[in-house]
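1. fold the following for me, if possible:
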Amino acid sequence: MSSFELKFLVDIGVSKKVEEYLVEQGYDTKTVRAIDTRMSDQEIIRLAASEGRMVITMDKDFGELVYHSAMKHCGVLLLRLEDATGLVKLEVVRDILESYSDQIKNHFCVYQNNRFRIRRIKR
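-> Model prediction:
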């Protein structure tokens, strides 16, 4: 999938390095940091869905919103990288996009313990 087909909304806490990388690679990227740092998770997922964006986050609450509350979404990439540096987060996101960019849109994806899972969520 080309960088023009995936669009992202990057949650606070992910890393400015990740934000910059996505923009440099040509991805249509917006950041919660630039919109409103006090946005609720529900507002984030609604905005992302309305604009066809996948959310990149470190916040496990997005799983609750997608699975149990059944909020409409265009995909979530959950990075379970507690205490990771911005550089480590960047490396993980770069590796995911290089290997799976054609598979992640509209899916709930989790990276944890050096493993990457992609799950389709019924919407």
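2. from here on, just use CA atoms for contacts and neighbour counts.
-> Noted.
3. neighbours of residue 57, how many?
-> Neighbourhood size, residue 57 [other CA atoms under 10 Å]: 22.
4. could we number from 55 for the rest of this?
-> Shifting the count to begin at 55 puts that one at residue 111.
5. these two touch, right, it and residue 132?
-> Yes: taking CA atoms under 8 Å as the definition, residue 111 is a contact partner of residue 132 at 5.1 Å.
6. other SSEs contacting the longest helix along the chain?
-> Among the elements of type helix in the chain, defined by DSSP state H, the one spanning the most residues is helix 140-154. Counting by 3 or more CA pairs under 8 Å, 6 or more residues apart in numbering; DSSP states H and E, the packing neighbours recorded for helix 140-154 are helix 70-78.
7. mean confidence (pLDDT) on stretch 103-122, please.
-> In this model, stretch 103-122 carries a mean pLDDT of 92.
8. thought residue 133 was touching residue 115?
-> No: using CA under 8 Å as the test, residue 133 is too far from residue 115 to be in contact (12.0 Å).
9. the two: which is more packed in?
-> Between residue 133 and residue 115, counting by other CA under 10 Å, residue 133 is the more crowded of the two (21 against 12).
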